[in-house]
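[1] Have a look; sequence and predicted model below, questions after that.
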Amino acid sequence: MDRISIIIPCYNEQESIPFLKNELYKVINSISDVEFEIIMVDNCSTDNTLNLMKELKQSDSRFHYISFSKNFGKDSSMYAGLKASTGDYVTLIDADLQDPPELIIDMYNILKSEDYDCVAAFRETRDGEPFLRSILAKWFYNLMNKISDSNMVNGARDFRLMKRKMVDAVISLEESERFTKGIFSWVGFKTKWLPFKNKERVAGKTKLPMYNAFTYAIRGIVSFSTAPLFIASIIGFVFCFGSFVFFIITVMKQLIFKEAVAGYASMMSVILFCFGLTFMLLGIIGQYLAQMYLEIKHRPKYIVKDSDINF
């Protein structure tokens, strides 16, 4: 008998969990001859989320919970859930029901009948999402596909159903600063994409404001592409060459054409621009150094405070 593990990262989702439970039971009751385990990972919520998880565990042994000692981020929650899972098939789904649980049925049927290792969901529309956020997200996916060897579908979610061999491959990548969407692409395996229309949160507030989304995007670029470093090198070369040409022109004006070279304001503008550019390029290099610094410390990706699962 097949077993499906459902991993649900949670942070302050006390309002969403009752709705989520009802939808999960609809899925469980729709697939016969399949065992289920539901692993809910609490990212140190400040509300009643953990207590609700424990209540679910008491009422249904198929539910399990993991609670972190602090907020380690969604990617660490997903990693912990994947590592604790025992299913032949494993899915990741958000607690706010923006990922339609009923798609798990279609995903499972596809993996059983077709030659795929993973079925992943993507939003074909972004209705209800702020316009600026939608545009920036589209640019980010296009940029990642151009500057890295990842193949990321616009609107891709973490929501997917994977066979065990793909799950094991994802777990084997042990970097601390994880960009899970990139990891899913990097490990390869044959993936089928399922579109769905964007849905509003069933309850609660978004846990990824614009600033966090921006820093997450920067982490993704630094983790899966060295193109910014190459671009920084090209810019440095171009400016060095330009300054050399400018120096030759200045010398020729003075020695050959006897022209006085003036222009304090323009010179100061050039100097300030070059200083600004220098600090920007140092910032790019600094991002990579920071990533290396965080990785070489080998700190754990998460610390479990409470769980009914033995690690």
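    Received it, and whenever you're ready, just let me know what you need. Residues are numbered from 1 along each chain as shown.
[2] Which strand or helix spans Asp94?
    Remark: Asp94 resides in no helix or strand, with elements defined by DSSP states H and E.
[3] mind checking how far it is from Asp158?
    From Asp94 across to Asp158, the span is 8 Å (Cβ to Cβ, to the nearest Å). Heads up, the C-betas are built off the backbone N, CA and C, glycines and all.
[4] and if you look at Ser61?
    Separation of Ser61 from Asp158 (Cβ to Cβ) stands at 26 Å.
[5] and if you look at Leu82?
    With distances defined as Cβ to Cβ, the gap from Leu82 to Asp158 amounts to 11 Å.
[6] now do Leu56
    Here the criterion is Cβ to Cβ. By it, Leu56 lies 22 Å from Asp158.
[7] And what about the nearest residue to Phe68 once chain neighbours are set aside, helix, strand or coil?
    Computed as Cβ to Cβ, 6 or more residues apart in numbering, the closest residue to Phe68 that is not its neighbour in sequence is Cys44, at 4.9 Å. Reducing the assignment at Cys44 to three states with DSSP: H, G, I helix; E, B strand; the rest coil gives coil.
[8] Local confidence estimate at Cys44?
    As predicted, Cys44 sits at a pLDDT of 86.
[9] isn't it right up against Asn71?
    Yes. A contact is recorded between Cys44 and Asn71 when judged using Cβ atoms under 8 Å, the distance being 4.8 Å.
[10] For the two, list the residues in contact with both.
    Jointly contacting Cys44 and Asn71 under the rule Cβ atoms under 8 Å, 6 or more residues apart in numbering are Tyr11.
[11] before we move on, back to that, who has more neighbours out of Ser61 and Asp158?
    When Ser61 and Asp158 are compared for neighbours, Asp158 comes out ahead with 19 against 9, by other Cβ atoms under 10 Å.
[12] How about the contacts made by that one?
    Counting by Cβ under 8 Å, 6+ apart, Asp158 touches 74, 78, 92, 94, 180-181, 184.
[13] Mind doing that once more with 6 Å?
    For Asp158, the contacting residues are Leu92, taking Cβ atoms under 6 Å, 6 or more residues apart in numbering as the criterion.
[14] Run the chain-centre distance for the one helix or strand it maps to.
    Assigned by DSSP H and E, Asp158 belongs to strand 156-163. Relative to its chain's centre, strand 156-163 lies at 12 Å (Cα atoms, centre = their mean, to the nearest Å).
[15] Return the list of strands paired to it, each annotated with direction.
    In the sheet containing strand 156-163, its partner strands are strand 89-92 (antiparallel), strand 118-123 (antiparallel), by DSSP bridges.
[16] Out of those strands, flag the one nearest Ile7.
    Using Cβ to Cβ as the criterion, the shortest distance between Ile7 and these is 4.9 Å, found for strand 89-92.
[17] need the next SSE after the closest one, C-terminal direction.
    As assigned by DSSP H and E, the chain's next helix or strand after strand 89-92 is helix 103-113.
[18] tell me the phi and psi of the nearest residue to Phe159 once chain neighbours are set aside?
    Counting by Cβ to Cβ, 6+ apart, Phe159 lies nearest to Asp99, which is 3.9 Å off, once chain neighbours are set aside. When quoted as degrees, to the nearest 10, the phi and psi of Asp99 stand at phi -90, psi 120.
[19] Can you report how many residues lie near Asp99?
    21.
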